[in-house]
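Visitor: based on what follows, work out the 3D shape:
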Amino acid sequence: MSTSDSKPPLILLTGFLGAGKTTVLNRVLGAQHRRRVAVIINELGRIDIDTRLIKSRAGDVMELAGGCVCHEVRVQSELWAAIEEVTRRTRPEVVLIETTGIAEPWSILDGLEALGDDAPATAAGVVCVVDAEAGGGQLERHEEARAQVEAADRLLLSKLDLAAPDAVVALHRELARRNPTAERASFPETAEATAELAPWLLDLRAASRAPRVAHGPHAHGQLAAVAYSDPAPLLGEPLLDLVERLGSALVRAKGFVHVAGDPRRGFLERAGVRTELRFTEPWGAETPRTEIVLIGEGLDAGAIHRQIWACRVGQ
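Guide: Have a look, this model is predicted:
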């Protein structure tokens, strides 16, 4: 294991499903800063969507797929091994973990503390991204969202441009009630704000961590991840209709879509209360393939697959 002198500080970037963690991470990695940062991404589901989204900007990205590091012993063990490996390879000044949207940070920090002298890193802060538009409802409905906010020393409000003023006022009141000591901040999509975001997020704040709030036994309830992967082209309109029909049971959807008749890579996303199918660069030499992860309450994988197959057309 790491010696005490070589243990890097560890920052958790957390936030509920769809809050915008990967967007924040992309902005930090694309900004000019002098810190040597190693990034570890924990995916919920078998398809590494987030890793592929940020790989072009991060020099050392490791992915932990298939589970949530907060409660699966196997995956948490992989996390410690990943930190050791990335430390050995690149000697980073900071290790940044982007957790799944249903991770509970205290469980990760407890696991790290339990390792004692064998811990591969030292806890150095928890940054929680909060969706200003959907966050109020998420805090009311999901224990995971509450746990993320309560464990953070910094709360980063996203999507303020989409949220109604009354909703933002109510959200601030709720955040102040649940974690009065955490700093609340936001960084608009400007060059000046992005330059401020990186040092703020990478600041080491172990001493100012919020006091722990007692929770019952850790459980993710009925939230389940369904992965869909298939090369056959899909019709965009019926696919969007399917996602909309899943309603509030679907809390997150994200992935690449092979849209029939379009040479560009489609990207499907359900985040908060918004769903969109947008197009990015052409597939080029890569074989088009739909790869989507859907996360929601009581999702039936078989039913999801059947309904997506109904959106297929011939090659």
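Visitor: what sits against Leu96?
Guide: By CB atoms under 8 Å, 6 or more residues apart in numbering, the residues touching Leu96 are 10-11, 13, 25, 28, 37-40, 201-202. (Glycine included, C-beta is placed from N, CA and C.)
Visitor: whoops, Arg264 was the one
Guide: Listed by CB under 8 Å, 6+ apart, the contact set of Arg264 reads 279-283.
Visitor: pretty sure Arg178 is touching Glu150, no?
Guide: Yes - look at Arg178 against Glu150 with CB atoms under 8 Å: they come within range, at 5.5 Å.
Visitor: those two: which is more packed in?
Guide: Each of Arg178 and Glu150 has its neighbours counted (other CB atoms under 10 Å); Glu150 has more, 23 against 18.
Visitor: what helix or strand is the more buried one located in?
Guide: Here Glu150 is covered by helix 143-151, with elements defined by DSSP states H and E.
Visitor: what separates that helix from the chain centre, distance-wise?
Guide: Remark: helix 143-151 is offset 14 Å from the chain centroid, using CA atoms, centre = their mean, to the nearest Å.
Visitor: same for it, what does it pack against?
Guide: strand 9-15, helix 105-114, strand 122-131, helix 135-141, helix 165-178 (3 or more CB pairs under 8 Å, 6 or more residues apart in numbering; DSSP states H and E).
Visitor: can we see that at 6 Å?
Guide: When contacts are defined as 3 or more CB pairs under 6 Å, 6 or more residues apart in numbering; DSSP states H and E, helix 143-151 packs onto strand 122-131, helix 135-141.
Visitor: and those: which comes nearest Ser186?
Guide: strand 122-131 (9.5 Å; CB to CB).
Visitor: partners of that closest one, with directions?
Guide: Here strand 122-131 is paired, per DSSP bridges, with strand 9-15 (parallel), strand 154-158 (parallel).
Visitor: lowest-confidence stretch among those?
Guide: Note on the strands paired with strand 122-131: strand 154-158 shows the lowest mean pLDDT, a mean of 91.
Visitor: what residues of it count as buried?
Guide: By neighbour count on 16 or more other CB atoms under 10 Å, the buried set for strand 154-158 is 154-158.
Visitor: pLDDT weak spots in the stretch 151-300 of the chain?
Guide: Low-confidence segments of the stretch 151-300 of the chain (pLDDT under 70): 206-222.
Visitor: could you find the closest non-adjacent residue to Glu144?
Guide: Leaving aside its chain neighbours, Glu144 sits nearest to Ile102 (4.5 Å; criterion: CB to CB, 6 or more residues apart in numbering).
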